[in-house]
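# prediction below, plus the sequence it came from.
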Amino acid sequence: MWSEAISRAMGRMEDTRRRVGPHWADPETGDWTTTVDGDWTGGQWAGMHWLAAKHTGKQIYRTQAAALAQGMKGRIAVDTVFKSFLFYYGGALGSILYQDKSAHDLALAAARSLTSMYNPALKLIPLGSQAEEGGHIGNIETSIDSLQAAPFLFWAARVSGDDKMREIAHHHAATIIPCTSAATIRSSSPRRLMNQASWCGTTRTRAIARPAPGAARRPGASCSRP
């Protein structure tokens, strides 16, 4: 079963490779919407090539993966937590599977940029002002999808020896996992209250500038039910 699935995926890749920057495809027609810089899905496309190279042993896939990864450089500084998807699959995977230095350096640069977005008061990395694929974005918004930032930063912290990066990864995961399932989230600031809202079958949290009774009892963001 897996062999057939992999074979079909490889066939699809061969067809898609002729296009520029695949983003998503219409399931009915198979037609691709494309992007020149990867958006937030370009890393997965590069990642498929890293995996294809490992599976087949063919240099062509590894060469293509490396080229696709370098094409994402322009998104390193973009203000979005979702670049954790882009650079984990597009960059870190190349480092993990092939010790590719260029992919390694690319992923670490993106990880450092991601840590600069960290909000110590909320103990998480918010979605960011340029977050993709969402109607609610900015430095007071988060979602369960942002959890990908944690494993990406844990990898980056391990290979770089950056303890601060590891700490941020831990705080982000520890905040996002319980807080996206809790009824309310209160931050350390008495002027902020984070309310939970249902969003596309997952959960979304939003910080609102208004008093939160008892919110200053301890540092950092905490989750509680009414």
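Everything's here; your move.

# run through the strands of this structure in chain order.
Assigned by DSSP state E, the strands in the chain fall at 22-25, 32-34, 141-143, 184-186, 192-199, 202-209, 222-224.

# mind giving me the packing neighbours of the third one?
To tie it back to what came earlier, the one meant is strand 141-143. Applying 3 or more CB pairs under 8 Å, 6 or more residues apart in numbering; DSSP states H and E, we find strand 141-143 packed against strand 202-209. Just so you know, the C-beta spots here come from the backbone N, C-alpha and C atoms, and that holds for glycine as well.

# for the record, mean pLDDT for the strand it packs on?
For strand 202-209, mean pLDDT is 40.

# now do stretch 118-138
On average, stretch 118-138 scores 87.

# list the buried residues for it?
For stretch 118-138, burial by neighbour count (16 or more other CB atoms under 10 Å) applies to 118-119, 122-128, 131-132, 134, 137-138.

# which of the residues you listed lies closest to Trp40?
Nearest to Trp40, judged by CB to CB, of the buried residues of stretch 118-138 is Glu132 at 4.5 Å.

# could you dump the lengthiest helix in the chain to CSV, C-alpha only?
Longest helix in the chain by number of residues (criterion: DSSP state H): helix 163-179. The C-alpha coordinates for helix 163-179 follow below in CSV (Å, rounded to 0.1, in the frame of the first residue of the first chain):
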residue,chain,number,x,y,z
ASP,A,163,19.3,27.9,25.3
LYS,A,164,17.2,31.0,24.9
MET,A,165,15.7,29.6,21.8
ARG,A,166,14.9,26.4,23.6
GLU,A,167,13.2,28.3,26.4
ILE,A,168,11.0,30.2,23.9
ALA,A,169,10.1,26.9,22.2
HIS,A,170,9.1,25.5,25.6
HIS,A,171,7.0,28.5,26.6
HIS,A,172,5.3,28.7,23.3
ALA,A,173,4.2,25.0,23.4
ALA,A,174,3.3,25.2,27.1
THR,A,175,1.0,28.1,26.4
ILE,A,176,-0.5,27.1,23.1
ILE,A,177,-1.4,23.5,23.9
PRO,A,178,-3.6,24.1,27.0
CYS,A,179,-4.7,27.6,26.0
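
# helices or strands next to that helix in the packing?
Counting by 3+ CB pairs under 8 Å, 6+ apart, helix 163-179 packs on helix 101-115, helix 149-160.

# tell me the angle the longest one makes with helix 149-160.
With axes from the mean of the first three to the mean of the last three CA atoms, to 10 degrees as the criterion, the two stretches helix 101-115 and helix 149-160 enclose an angle of 130 degrees.

# contacts for helix 101-115 next, please.
65-66, 69-70, 72-73, 75-77, 81, 83-84, 86-88, 90-95, 125, 149, 152-153, 155-156, 159-160, 164-165, 168 (CB atoms under 8 Å, 6 or more residues apart in numbering).
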